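Q: Everything below, folded, please.
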Amino acid sequence: MDFKVRLMKMDRLISEKGVVTFEELQRATGAAPATVKRDIRYMREELKAPITYSRTRGGYLFAKNRAEAKRDDFYDRRSMWFTPDELHCMVKTLNNFSELEKNRQGYLVKDLQQMASRLRSSMFVEEANAEELLKRVVINEPQRKPFKSECFEVLGPALVHRQRVRIVYYSDHKREETRRVISPMRLVYYRQRWYLDAWCHERGALRSFNVENIRHADIMQMTVKIVPMKTVRETLDNIYGMYHSENVQWARIRFMGASAKRASQLIWHKDQFERWLKEDVYELNIPFGENSPELVGDILNYGAEACVMEPESLKEAVKAQLKATLKNYE
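A: All right, here's what the predicted structure looks like:
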């Protein structure tokens with residue numbers, strides 16, 4: 001068994017059981033006694049794991065000292081089952097590995113199978129249990145068609161090596177192509193799309209570019225313009241989606257019925273504040289950008305169980321979308 005996999009198995013076994021005998025560690029890893037001893041010493045000395053052997057309790061446990069190890073109430077045993085967040089993250093990660101393995105041209109393809117195998121083996125003492133779990137736990141989420149862009153392989157190295165890029169960019173709004181020279185600052189993944197935040201030398205300002213709309217890209221033998229990341233964040237963090245505006249307003253939205261619970265489980269904005277008016281009436285206050293089509297779309301997702309209380313401009317925007325939708329059925 002691989003060295004790192006053995007360490008993960010030992011760590012998880014001690015964490016879950018609280019106290020583990022030497023024989024249990026040996027069975028779990030399939031290693032010789034001398035190997036288990038070396039692994040324990042490595043975890044203590046190199047990884048600084050607080051592994052202590054307790055003669056009183058007859059095994060190894062995590063404790064800062066022997067006095068703590070003798071206390072029966074010292075160890076707060078972890079759950080013997082995954083938390084909802086752990087299960088979702090783990091199964092989704094393994095599913096993503098499987099999808100990436102289908103792409104034989106990816107940079108990590110050769111390592112994916114080994115990485116997935118290690119993750120599976122660390123989930124349970126018996127790997128067969130991990131396979132059974134993957135058969136019986138299903139993650140159903142909206143999926144987007146695979147995104148393919150030859151420019152992505154140009155933008156990545158340019159971003160890492162801090163080089164300027166010459167691009168041909170298509171604007172969906174203006175329906176025209178422009179040629180730009182940009183200094184890449186960061187890649188942002190937002191609502192299943194990749195965006196490149198960069199300094200545009202033609203405009204003399206920071207801009208965000210939809211990577212799908214970059215039709216051609218060439219790396220230039222010039223270093224990027226130096227822009228502090230703090231400035232990038234302050235300028236561009238609020239341009240995405242419902243917050244894309246210099247004129248930020250506050251919306252008060254009321255959710256009713258079954259939608260009240262569903263809306264309350266989401267974090268709409270880090271600065272939001274909320275309250276329950278009744279058991280099934282939830283009110284949310286969030287900042288948003290003027291003329292925000294994404295916020296209007298999110299509200300319409302809740303149908304008749306969502307109502308904009310203020311401001312009037314957002315109410316009118318929702319009404320306009322409803323009227324336009326009805327025309328499609330006339």
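
Q: Please enumerate the strands of this structure.
A: Secondary structure of the chain (DSSP state E): strands located at 51-54, 59-62, 163-171, 176-190, 193-200, 205-210, 214-223, 248-256, 273-278, 281-289, 306-310.

Q: wait, which of those is closest to Val91?
A: strand 176-190 (20.3 Å; Cβ to Cβ). The way it works is simple: take the backbone N, C-alpha and C, and place the C-beta from them, glycine included.

Q: Give me the contacts around the closest one.
A: Here strand 176-190 makes contact (Cβ atoms under 8 Å, 6 or more residues apart in numbering) with 155-156, 158-159, 164-171, 194-202, 206-209, 211, 215, 220, 224-225, 227, 229, 232, 240-241.

Q: swap the cut-off to 6 Å and go again
A: For strand 176-190, the surrounding residues in contact (Cβ atoms under 6 Å, 6 or more residues apart in numbering) are 158-159, 164-170, 195-202, 224-225, 232, 240.

Q: Filter these down to the buried ones.
A: Among these, the ones that count as buried by 16 or more other Cβ atoms under 10 Å are 158-159, 164-167, 169, 195-201, 224-225, 232, 240.

Q: related to what we said a few turns ago, would you reformat the strands of the chain as CSV and include distance to Tyr42?
A: Below are the strands of the chain laid out as CSV (distance: least, Cβ to Cβ, whole Å):
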stretch, distance to Tyr42
strand 51-54, 10
strand 59-62, 14
strand 163-171, 41
strand 176-190, 37
strand 193-200, 40
strand 205-210, 46
strand 214-223, 43
strand 248-256, 53
strand 273-278, 48
strand 281-289, 50
strand 306-310, 56
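
Q: Can you check which of these gets nearest to Glu330?
A: Closest to Glu330 of the strands of the chain, according to Cβ to Cβ: strand 306-310, at 24.1 Å.

Q: now the angle from that closest one to strand 248-256?
A: Counting by axes from the mean of the first three to the mean of the last three Cα atoms, to 10 degrees, strand 306-310 lies at 140 degrees to strand 248-256.

Q: by contact count, what packs against strand 306-310?
A: With contacts taken as 3 or more Cβ pairs under 6 Å, 6 or more residues apart in numbering; DSSP states H and E, strand 306-310 sits against strand 248-256, helix 312-327.

Q: Now with 10 Å, please.
A: In terms of contacts (3 or more Cβ pairs under 10 Å, 6 or more residues apart in numbering; DSSP states H and E), strand 306-310 is packed against strand 248-256, helix 258-264, strand 281-289, helix 293-300, helix 312-327.

Q: Tell me where the model's unsure across the protein.
A: 1, 64-82, 101-115, 117-130, 238-246, 290-291 (pLDDT under 70).

Q: Can you tell me which residue is spatially central in it?
A: Centroid check for the chain by Cα atoms, centre = their mean gives Cys89 as the closest residue, at 9.0 Å.

Q: Distance-wise, check that one relative to Val137.
A: As judged by Cβ to Cβ, to the nearest Å, Cys89 and Val137 stand 12 Å apart.

Q: Also Ala317?
A: Relative to Val137, and taking Cβ to Cβ, Ala317 is found at 40 Å.

Q: Same drill for the two, tell me which one is more crowded.
A: Legend: neighbour count by other Cβ atoms under 10 Å for Ala317 and Val137, higher for Ala317 (19 against 14).

Q: Do I have it right that the more buried one meets Gly289?
A: No - in this structure Ala317 lies outside contact range of Gly289 using Cβ atoms under 10 Å: 11.6 Å.

Q: okay, and the common contacts of these two?
A: Applying Cβ atoms under 10 Å, 6 or more residues apart in numbering, one finds that Ala317 and Gly289 are jointly contacted by Leu295.

Q: what about Thr29, neighbour count?
A: Thr29 - counted by other Cβ under 10 Å - has 21 other residues nearby.

Q: need the contact list for Glu234.
A: Glu234 neighbours (Cβ under 10 Å, 6+ apart): 206, 228.

Q: Let me know the distance separating it from Arg41.
A: As judged by Cβ to Cβ, Glu234 and Arg41 stand 49 Å apart.

Q: And Glu141, by the same measure?
A: For Glu141 relative to Arg41 (Cβ to Cβ), the value is 44 Å.

Q: likewise Pro146?
A: For Pro146, the distance to Arg41 - Cβ to Cβ - is 47 Å.

Q: With Ser313 instead?
A: Applying Cβ to Cβ, the value for Ser313 to Arg41 is 67 Å.

Q: How about residues contacting stretch 30-46?
A: For stretch 30-46, the external contacting residues (Cβ under 10 Å, 6+ apart) are 1, 3, 6-7, 9-11, 14, 22-23, 25-26, 28-29, 49-53, 60.

Q: In that stretch, which residues are buried?
A: Going by 16+ other Cβ under 10 Å, stretch 30-46 has these buried residues: 31, 36, 39-40, 43.
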